[in-house]
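S.K.: Would you be able to build a 3D model of this:
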Amino acid sequence: MKSKVIFIIVPSYSNNKWLDAKMMQITKAFISILNLDNAPVEIVSTYNDINNYLDKAEYIVVSTAGNVIIERDHLYNKIHSIPSTVGLLGHLLQFKENETPYFHEQFFIINTKAFTHLDFSNYNAIAPKLLRSEEDMHDGHAPLYLTLGEETELIGKFGTKIILDCLQAGYEVRNFDQDWRYPTLANDYITVKDYKLPTRGYCYPKLHSDLFAECLRTLTLDPNLDESQMLFITATKQILDFKVLNVWQYDPTPIVNSSKKVVSTANGMLGEIIAWNSGATSITFYDKNPNNIEFKKHLYANWNGIDYDTFAKDWAESKGLALEPTFDIDIEKSIKPKEEVSASIFLDWNEWKKRVTVNFLHCDIISSIDELLVYLDNNAIIHTSTILNIFPFTSILYDEDTIEDVRKKITNTKARWIES
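M.R.: Sure, this is the predicted structure:
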């Protein structure tokens, strides 16, 4: 049975090996976040390898390493509502010096019904002319759609043959329009220094590769970087400033046996619900986000057990913080944990505080794993949420070997380990 969607990631092949590996690592993490249905994710060596998957899914979503997902829910919904008449969605291009349109390799979507074979080579032949639409996405070189004209000599680039085959098969070829590129509602936009970010971005790793690699390693900016690279580093730095408070968890509620100690991110009431379910009497909260730790301290010191949401909202507003979860899908996932906590821990908050002892560690699990290891024994449960698997900013800051070393250290303890 065919999958609805398969995600395929292709290496970026810049002139910097470290950057290529980092771009692949980051894109894998972002695709994991987008992949809400656990669809297959394949990594191939070349674009021609995509042909091996034409019979495996209705749609193939191709990402060249260097993609970042900014508005996950919006992009997910768009991918799952593509009209059946569309055979190819891509970044269509035709500059003044180009006789024939083509598309950029960064990100494109194939309707497999429109193709028997994908040919990504430069294409020169006598064939119907590819006519660009008058409507343009930006700067006069990004037509909204393409149609067929009279026969001519086609001198094409990456994707020209695919465009031709798709149109000749009777399917539409379209650019990613404004609704694809940006959320529908203005208040859904994410901004960086007043710049409205698109739903998905690309770092163009083939541009200024060595300079971009050095700036990404150090999270510093250089005016010679491409604008997209500047935005990516700036957005990363902005997010790592942690102007947000995690009020409710949306990790699945873990099924746990009895234990004495819980070690958990300070993510909503995740640590509390694990402790309640397991009978634990000690919780050690750790988090890279200092706001989560400071709020937990404030909660246990000052909350009277009435109206947690307002208490959290008021504290966040006093610190100028946004609240998480923010995505619609994550808000929906948080409903069940809210109900579980309200039916247990919140029934008598003061009694709960008497039952548990709490510790607080503001730390990064990757660089400070040894601080956490002292809490991990055969009486402990540790929950790492998504930090060590799909959390993109772990992938930005650390290489895969470093993350794997942390995973091995946790595995080598006698603690029970849960991750989402």
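
S.K.: need the next SSE after the strand or helix carrying residue 5, C-terminal direction.
M.R.: Using DSSP states H and E, the element containing residue 5 is strand 3-10. Per DSSP H and E, the first helix or strand lying C-terminal to strand 3-10 is helix 17-34.

S.K.: what's the average pLDDT for the one helix or strand residue 164 maps to?
M.R.: Assessed by DSSP H and E, residue 164 sits inside helix 160-168. For helix 160-168, mean pLDDT rounds to 97.

S.K.: and it, what other elements does it pack with?
M.R.: Helices and strands touching helix 160-168, by 3 or more CB pairs under 8 Å, 6 or more residues apart in numbering; DSSP states H and E, are strand 86-93, strand 102-111, strand 124-132, strand 145-155, strand 172-175. Heads up, the C-betas are built off the backbone N, CA and C, glycines and all.

S.K.: thinking again about what came up before, in the strand holding residue 5, what's buried?
M.R.: Judged by neighbour count using 16 or more other CB atoms under 10 Å, the buried positions of strand 3-10 are 3, 5-10.

S.K.: Extract the CA atoms of the helix holding residue 164 and return them as PDB.
M.R.: Output in PDB follows, covering the C-alpha atoms of helix 160-168 (Å, rounded to 0.1, in the frame of the first residue of the first chain):
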ATOM      1  CA  THR A 160      13.200  21.700 -17.000                       C
ATOM      2  CA  LYS A 161      12.500  18.200 -18.300                       C
ATOM      3  CA  ILE A 162      10.400  17.400 -15.300                       C
ATOM      4  CA  ILE A 163       8.300  20.500 -15.900                       C
ATOM      5  CA  LEU A 164       7.800  19.500 -19.500                       C
ATOM      6  CA  ASP A 165       6.800  15.900 -18.700                       C
ATOM      7  CA  CYS A 166       4.400  17.000 -16.000                       C
ATOM      8  CA  LEU A 167       2.600  19.500 -18.400                       C
ATOM      9  CA  GLN A 168       2.500  16.900 -21.200                       C
END
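
S.K.: quick one, it and strand 86-93 angle?
M.R.: Angle of helix 160-168 versus strand 86-93, following axes from the mean of the first three to the mean of the last three CA atoms, to 10 degrees, is 140 degrees.

S.K.: Does the strand holding residue 5 pack against any helices or strands, and if so which?
M.R.: For strand 3-10, the packing partners by 3+ CB pairs under 8 Å, 6+ apart come out as helix 17-34, strand 41-43, strand 57-64.

S.K.: which other residues reach the second one?
M.R.: Think strand 41-43. The contact list for strand 41-43, computed with CB atoms under 8 Å, 6 or more residues apart in numbering, reads 6-10, 24, 28, 31-32, 35, 53.

S.K.: in it, what's buried?
M.R.: Across strand 41-43, burial judged by 16+ other CB under 10 Å covers 41-42.

S.K.: Could you check how far that strand is from the centre of its chain?
M.R.: Centroid displacement of strand 41-43 relative to its chain, using CA atoms, centre = their mean, to the nearest Å, is 15 Å.

S.K.: Could you list the domains of this protein?
M.R.: Listed by automatic domain parsing, the domain ranges of the chain are 3-181, 186-239, 244-418.

S.K.: Going by mean pLDDT, which of these comes out lowest?
M.R.: domain 186-239 (a mean of 87).
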